[in-house]
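In: With the sequence up front, the predicted model follows.
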Amino acid sequence: MKNPWMSLWLSEYNKAANAVKGQMMAEMTRQQQAMMKEIMVRNSEQWMELWFPWLETKKNRRR
């Protein structure tokens, strides 16, 4: 025979756990996208400095 209280408790626990999991996955996705964007910016700046040293970069721009 099933325990109705245990079933109710597990159901509510799963709802809460899935909500937290969704929030964690969304935050992880945001952080991964920000990291990849930063890597691409740094990588492209390094290649531009290597292949076109005469161009202004963030390091040698005049203010």
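Out: Good, I have the coordinates.
In: can you list the weak-confidence ranges in this structure?
Out: Low-confidence segments of the chain, defined by pLDDT under 70: 1, 57-63.
In: Helices of that one, start to end?
Out: Ranges of helices in the chain, per DSSP state H, are 4-51.
In: got the buried residues for stretch 2-22?
Out: Buried residues in stretch 2-22, counted by 16 or more other Cβ atoms under 10 Å: none are found. C-beta here means a position set from N, CA and C on the backbone, and glycine is covered the same way.
In: Kindly apply the preceding question to stretch 28-35 instead.
Out: Under 16+ other Cβ under 10 Å, stretch 28-35 has no buried positions.
In: Point me to the residue sitting closest to the centre of this protein.
Out: Gln31 (1.8 Å; Cα atoms, centre = their mean).
In: Distance check, it against Ala16.
Out: Remark: distance between Gln31 and Ala16 (Cβ to Cβ, to the nearest Å) = 23 Å.
In: returning to what we had before: next one: the residue nearest to the centre of the chain from Ser7, what distance?
Out: 36 Å.
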